[in-house]
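Predicted model follows, preceded by the sequence.
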Amino acid sequence: MESLKELAREYDQQFEAFQDDLKKWEETPERIEYAEFHRVQAETEFPELKKEREDRERWARAERIRGDDERHMMLKQHADEKIRLGVAKVPRLLTEQERKLDEFVERPGSIVTDMKLAHRKSIHDRLEQWSPEERALFKARQSEHVKIFHGLTEFFVDKSASDLVLFYYMNKKTEGFKKDFKPKKRVTKYKVGAYPSAEELAYCRMMPPLDYSTCPKNSLMCYFCCQTVNGIDLDGTFMPKEAYEIFAINPDENRVVCTRCREEAAKLYKDNRCFGNRCSNQKKRANRVNRNIPLDLAEFSVRTRAFLMDKLGSTRVAVKFCTPCKNALCRWIGD
């Protein structure tokens, strides 16, 4: 490459010297006399060339000419400029990118010899990145949202829609995803599938694992059961951002929830009964529970919240109550 650079520099120097010699030669009396002789011969043979030359000279002297002549001269000047710009130029020996290149960069593996094998390997590598928890979460949620893959991506941390599409179609025969689809009535108009709600994301969204090395030993505690989360006896994650409003938690601090409480909350997600031991409607599933958790609980500490939920006889991850239990909880909060 260095030899080519040296040739390029020598070429530029010689070409610049050649242009200087050519400019000096064009200004010599012999060259001017030679050009004048050929101009006279050409104008004698073609009279229109003489008229064009005189018009250009008048235009250069800024003499007064007619409007038609001015328009004609403008068109002629535009045509001459177009011809001048279209003249071929002498190319450079090396491009600017090649001049700046100092060494040869070898890229191993840039040439694919067996595209079929490479494609299969890329698919296999992408499928191996799925953990058992992610596979179970996808199978549980796809029955609700069918093939709304852009909505299913909300439940995962590092999965795109293309990853979900690939996983679905490469496993639909072995997993039997279509068996979990809910039968729907045939509709005449197209209707977009349901997008995951904030409540569903609060219960089922997968969060990245905790980095226990950055925290003091036994310093992390589950917000609901108050058990120590250390990654050995009990594992956990941070709460999803949608869970703070659902569970009436102050969003100023990042709260940790253990795996057991998250699994219990996901099981109770679609259960419509009250879980208080004092509730008269405990076993009456037909009576819907439509009273949300009081928002005043966000002002209490973790242990005070756990004491109130235990006093009510309810599980600590419950968020819906019947009217009597909701009134009792509000009364205890006020006291």
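Nice, thanks for sending it over.

what separates the lengthiest helix in the chain from the chain centre, distance-wise?
Looking across the chain with DSSP state H, the single longest helix is helix 2-26. With CA atoms, centre = their mean, to the nearest Å as the basis, helix 2-26 stands 50 Å off its chain's centre.

again, but for stretch 246-263
28 Å.

That one: end-to-end distance?
Terminal residues of stretch 246-263 lie 16 Å apart, using CA to CA, to the nearest Å.

do stretch 205-215 as well
24 Å.

residues in contact with that stretch?
133-134, 137, 154-157, 220, 229-231, 235-240, 242, 256 (CB atoms under 8 Å, 6 or more residues apart in numbering). For the C-beta atoms, the positions are set from N, CA and C on the backbone; glycine is no exception.

ok, 6 Å please
137, 155-157, 231, 237-238, 240 (CB atoms under 6 Å, 6 or more residues apart in numbering).

Next, the buried residues of that stretch.
Under the neighbour-count criterion of 16 or more other CB atoms under 10 Å, stretch 205-215 has 205-207, 210, 212 buried.

in the protein, which helix or strand is least confident?
Least confident element among the helices and strands of the chain, by mean pLDDT, DSSP states H and E: helix 96-100 (a mean of 64).

Can you name the next helix or strand after it?
The helix or strand immediately downstream of helix 96-100 is helix 115-128, counting by DSSP states H and E.

Return the distance of that next one from the chain's centre.
How far helix 115-128 lies from its chain's middle: 23 Å, per CA atoms, centre = their mean.

Past that helix, which element shows up next along the chain?
helix 132-145.

Quick one: distance of that following helix to the chain centre.
23 Å.

Nearest residue to R305 in space, please, no chain neighbours.
L297 (5.6 Å; CB to CB, 6 or more residues apart in numbering).

ok so, going back, which of the contacts of stretch 205-215 has the most neighbours?
Comparing those by number of neighbours (other CB atoms under 10 Å), F155 comes first, having 22 neighbours.

got any ranges where the stretch 201-335 of the chain has weak pLDDT?
272-273, 275-291 (pLDDT under 70).

ranges for the strands of it?
Using DSSP state E, counting those that start in this stretch, the strands found in the stretch 201-335 of the chain span residues 236-238, 256-258, 291-292, 320-321.

export the ones you listed to JSON lines and tack on distance to I111?
Output for these, formatted as JSON lines (distance: least, CB to CB, whole Å):
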{"stretch": "strand 236-238", "distance to I111": "43"}
{"stretch": "strand 256-258", "distance to I111": "49"}
{"stretch": "strand 291-292", "distance to I111": "61"}
{"stretch": "strand 320-321", "distance to I111": "61"}
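
Of all those strands, which one is nearest F15?
With CB to CB, the closest approach to F15 among the strands of the stretch 201-335 of the chain belongs to strand 236-238: 67.3 Å.

mind checking how far Y269 is from P196?
Using CB to CB, to the nearest Å, we find Y269 at a distance of 12 Å from P196.

Looking at these two, which has the bigger crowd around it?
Each of Y269 and P196 has its neighbours counted (other CB under 10 Å); P196 has more, 19 against 13.

so when I look at the more buried one, I'm seeing a helix, right?
No - the assignment for P196 (DSSP: H, G, I helix; E, B strand; the rest coil) gives coil, which keeps it out of a helix.

Kindly report the domain assignment for the protein.
Domain segmentation of the chain under automatic domain parsing yields 2-66+92-99, 118-196, 216-334.

looking at these, which is buried most?
domain 216-334 (a mean of 16; mean count of other CB atoms under 10 Å).

sorry, back to before: go through the domains of the chain and name the closest to E81.
Nearest of these (CB to CB): domain 2-66+92-99, 13.0 Å.

so how far is that closest one off the chain centroid?
55 Å.

Over to stretch 135-149?
The mean C-alpha position of stretch 135-149 is separated from the chain mean by 22 Å, CA atoms, centre = their mean.

Serialize the domains of the chain to a markdown table and add fields for distance to R84.
Formatted as a markdown table, the domains of the chain follow (distance: least, CB to CB, whole Å):
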| stretch | distance to R84 |
| --- | --- |
| domain 2-66+92-99 | 14 |
| domain 118-196 | 52 |
| domain 216-334 | 65 |
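
rewinding a little: any idea of the mean pLDDT for the longest helix of the chain?
If you average the pLDDT over helix 2-26, you get 83.
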